[in-house]
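K.L.:
task: produce atomic coordinates for the following.
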Amino acid sequence: MDGKKALGLLLAIAGGILVLKFFGIHLGFLFGTLFAIALVGLGVVAWRSNRKIIGAIVGGIGILMLLPALSKLIMLGIAVVLIIFGISMVKKNNNNRHF
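P.N.:
Residues are numbered from 1 along each chain as shown. You can find the predicted model right below:
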């Protein structure tokens, strides 16, 4: 793909995003996450091309930007584990009760 086609595709995507925003569909969280992932990727590429300081800085910024999304996933995992543990405790047959 040459430069003009890539720019045209980029402009079409940007226009589509603006149209979605006009109709009340906001995708800011998606683009924030994609931007953070892109920064981590750029950091890895820089690290592998022996630019370790720049790679570490860019990758670190990307990871810091991803922390809020990762915290939600971690909390979801903890909630699922608690639910499974609670259900297993309810279903467990306790015949050794000493009341």
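K.L.:
hang on, isn't Ile37 packed against Leu66?
P.N.:
Yes: between Ile37 and Leu66 a contact is recorded at 7.2 Å, counting by CB atoms under 8 Å. Where you see a C-beta, it was placed from the backbone N, CA and C, and this is true even at glycine.
K.L.:
higher neighbour count, the two?
P.N.:
Leu66 (17 against 14; other CB atoms under 10 Å).
K.L.:
where does the more buried one land on pLDDT?
P.N.:
In the predicted model, Leu66 carries a pLDDT score of 88.
K.L.:
please shift the residue numbers so they start at 7 in all later answers.
P.N.:
All right, first residue 7 from here; so that's Leu72.
K.L.:
right, and it touches Ala44 too?
P.N.:
No: distance between Leu72 and Ala44: 10.9 Å, which falls outside the contact criterion (CB under 8 Å).
K.L.:
shaky segments in this protein?
P.N.:
Under the criterion pLDDT under 70, the flagged ranges of the chain are 7-9, 99-105.
K.L.:
strands of that one, start to end?
P.N.:
With strands called from DSSP state E, the chain shows none.
K.L.:
check contacts around the residue nearest to Leu48 when sequence neighbours are not counted.
P.N.:
Sequence neighbours aside, Val64 is the residue nearest to Leu48 in space, at 5.3 Å (criterion: CB to CB, 6 or more residues apart in numbering). For Val64, the residues meeting the contact criterion (CB atoms under 8 Å, 6 or more residues apart in numbering) are 45, 48-49, 52.
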